[in-house]
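Peer 1: structure here, sequence nowhere to be found:
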């Protein structure tokens, strides 16, 4: 998400850094570029103008061209304004003691309301300890209620159904009574949509709102529709009173115009973003973290949360201990690859890391897909080894390597490359451990996994996608880890 805007903003701010001393003219030129970048990202014209005017006023007020680090001051101002533009702070759903708390999900047909209803209910159950009940009042679209039943089953959340009625108000009354009787504290109402906004739809939504008195009315919009999503949100807000926005397909939206505009246009925050098709692919919207990603500062907090939520802490701690004792085997590496895959694609992970860690390198979708292929190939090679071979790679002689290559559908050269680069990684880990770096990483990121991931990512950035060369990409030479080690030593010396 935000790829095109991010590239343009980073390039503009990098050009400022190249100036020995900033002048008002330098800042004006940069602001013109920023304004064009926002407009090309499909940001609302008035929002883009107000953003640039605010940055200019703050830059002049702080007299950045007279400071010791004028470029950093401009970056800080742009960052602060981006955070403010998108709402300042993350807006969680706030619940009361009433039973049930009602959340209405509204939006146009095809925006992703039903899937988002399931995703949000799962997220509330797992992260806010809620007990949600789902109900669909879309009595017009064929199989709409059946679709929600399937989604509810997939996410493990109960769905209220009454096949005896096709009246939306009767359905919500029955669902509210069922929630009270059965102890469901949250009722998620998946409302009907239309291809276009019409008065009948709005009247129905107003009636449901009056009947249920929801604590939240969440407008769901397809982020890739840009300003059309913003315009629809504005109309829904005027008629129904939207309290928050859910943007779907954010993972496919390179521009981000809707996310950057909607808060300023309707005065209500983005609360969730959909970042994939899977039911766990939804995230709370954090303006500060998104702004950091846009400006290349990384998003380490979200990465840590991903690790904590998807990785077994005991396994991670055990792997860290093996790393620090230089007992990390191919068996352990295969297990860590399995954990690593739970976190998502390599391109997604790299966007969460600060540019100084990745060297500013990002992966295209094609490169990320290739990394996934190489990871599977690496797993296939290790899977074709016996347990004894995985625990002691030194026993792999020529005949054993021939057998492993045949079993994994690879070549002996690829098996040798894996083993050679595995040895390089062990040496690199030993070097990192001498300075206590592995232990430090492990303490910071969930007791351990990041110790391993930190080494894997940090040591292999010169290879494809940041994984060490053992992915078999052929792009990492034998000197890579050694060079990394030398750089670390020089860096330590400078300190």
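Peer 2: Right, received. Where do you want to start? Small disclaimer: the values here were computed from a predicted structure and weren't measured. Residues are numbered from 1 along each chain as shown.
Peer 1: and residue 127, what is it in contact with?
Peer 2: Counting by CB atoms under 8 Å, 6 or more residues apart in numbering, residue 127 touches no other residue. For every residue, glycine as well, the C-beta is placed using N, CA and C.
Peer 1: and if you look at residue 93?
Peer 2: Going by CB under 8 Å, 6+ apart, the list of residues near residue 93 reads 103, 124, 128, 215-216, 244, 271.
Peer 1: residue 54 is in contact with residue 81, isn't it?
Peer 2: Yes: counting by CB atoms under 8 Å, residue 54 touches residue 81, with 5.5 Å between them.
Peer 1: the two: which has the busier surroundings?
Peer 2: Using other CB atoms under 10 Å, the more surrounded residue of residue 54 and residue 81 is residue 81, with 18 against 15.
Peer 1: right, and the helix or strand after the host helix or strand of that one?
Peer 2: Per DSSP states H and E, residue 81 falls inside helix 70-85. Using DSSP H and E, the helix or strand that follows helix 70-85 in sequence is strand 101-106.
Peer 1: for residue 179, state which of the contacts of residue 93 is nearest.
Peer 2: Using CB to CB, residue 103 is the member of the contacts of residue 93 that sits closest to residue 179, with 11.7 Å.
Peer 1: now do the same contact list for the residue nearest to that closest one when sequence neighbours are not counted.
Peer 2: Once flanking residues are discounted, residue 103 sits nearest to residue 216: 4.6 Å by CB to CB, 6 or more residues apart in numbering. By CB under 8 Å, 6+ apart, the contact list for residue 216 reads 93, 102-104, 243-244.
Peer 1: what two of those are the furthest from one another?
Peer 2: Distances among those were taken as CB to CB; the most separated pair is 102 and 244, at 13.9 Å.
Peer 1: more neighbours, the two?
Peer 2: Between residue 102 and residue 244, counted using other CB under 10 Å, residue 102 has the larger neighbour count: 23 against 19.
Peer 1: tell me the contacts of that one?
Peer 2: Residues counted as contacts of residue 102 (CB under 8 Å, 6+ apart) are 176, 186-187, 189, 212-216.
Peer 1: how about low-confidence regions in the stretch 201-350 of the chain?
Peer 2: 253-254, 296-327, 340-350 (pLDDT under 70).
Peer 1: what helix or strand is the residue lying farthest from the centre of the chain located in?
Peer 2: Checked against the mean C-alpha position of the chain, the extreme residue using CA atoms, centre = their mean is residue 399, at a distance of 44.7 Å. Using DSSP H and E, residue 399 sits in helix 398-408.
Peer 1: what mean pLDDT does that helix get?
Peer 2: For helix 398-408, mean pLDDT rounds to 91.
Peer 1: stretch 413-422 now?
Peer 2: pLDDT averaged over stretch 413-422 gives 86.
Peer 1: buried residues in it?
Peer 2: Residues of stretch 413-422 classed as buried: 414-415, 417-419, 421-422 (neighbour count, 16 or more other CB atoms under 10 Å).
Peer 1: what does stretch 44-51 give?
Peer 2: Those buried within stretch 44-51 under the rule 16+ other CB under 10 Å are 44, 47-48, 51.
Peer 1: residue 295: which of these is nearest?
Peer 2: Minimum distance to residue 295 across those is 13.9 Å, recorded for residue 51 (CB to CB).
Peer 1: for that closest one, helix, strand, or coil?
Peer 2: helix (DSSP: H, G, I helix; E, B strand; the rest coil).
Peer 1: how near is it to residue 187?
Peer 2: 38 Å (CB to CB, to the nearest Å).
Peer 1: likewise for residue 77?
Peer 2: From residue 77 across to residue 187, the span is 44 Å (CB to CB).
Peer 1: can you check residue 25 too?
Peer 2: According to CB to CB, residue 25 stands 58 Å off from residue 187.
Peer 1: residues near residue 265, how many?
Peer 2: For residue 265, the count of nearby residues is 17 (other CB under 10 Å).
Peer 1: spatially nearest residue to it (excluding sequence neighbours)?
Peer 2: Nearest one to residue 265, counting by CB to CB, 6+ apart, is residue 230 at 5.3 Å.
Peer 1: quick one: the strands in the chain?
Peer 2: Using DSSP state E, the strands found in the chain span residues 101-106, 132-136, 158-160, 186-190, 216-222, 244-248, 270-274, 282-284.
Peer 1: format the ones you listed as CSV; extra columns: distance to residue 8.
Peer 2: Listed next are these as CSV, based on distance: least, CB to CB, whole Å:
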stretch, distance to residue 8
strand 101-106, 33
strand 132-136, 40
strand 158-160, 44
strand 186-190, 38
strand 216-222, 23
strand 244-248, 21
strand 270-274, 21
strand 282-284, 24
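Peer 1: residue 371: which of the ones you listed is closest?
Peer 2: Per CB to CB, nearest to residue 371 of those: strand 282-284, 22.1 Å.
Peer 1: show residues contacting that closest one.
Peer 2: By CB under 8 Å, 6+ apart, strand 282-284 touches 90, 92, 116, 119-120, 123, 271-275, 302.
Peer 1: can you tell me the strand partners of it and which way each runs?
Peer 2: Strand 282-284 pairs in its sheet with strand 270-274 (antiparallel), by DSSP bridges.
Peer 1: quick one on the thing from earlier: which of the contacts of strand 282-284 are buried?
Peer 2: Neighbour-count burial (16+ other CB under 10 Å) is assigned, among the contacts of strand 282-284, to 90, 116, 119-120, 123, 271-275, 302.
Peer 1: max pairwise distance over those: which two?
Peer 2: 116 and 302 (19.4 Å).
Peer 1: re earlier: could you export the contacts of residue 93 as a markdown table, including distance to residue 40?
Peer 2: Formatted as a markdown table, those follow (distance: CB to CB, whole Å):
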| residue | distance to residue 40 |
| --- | --- |
| 103 | 35 |
| 124 | 36 |
| 128 | 37 |
| 215 | 38 |
| 216 | 33 |
| 244 | 27 |
| 271 | 26 |
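Peer 1: these: which two are farthest apart?
Peer 2: Top of the distance list for the contacts of residue 93 (CB to CB): 128 and 244, 14.5 Å.
Peer 1: state the number of residues packed around residue 73.
Peer 2: Residues near residue 73, counting by other CB under 10 Å, number 20.
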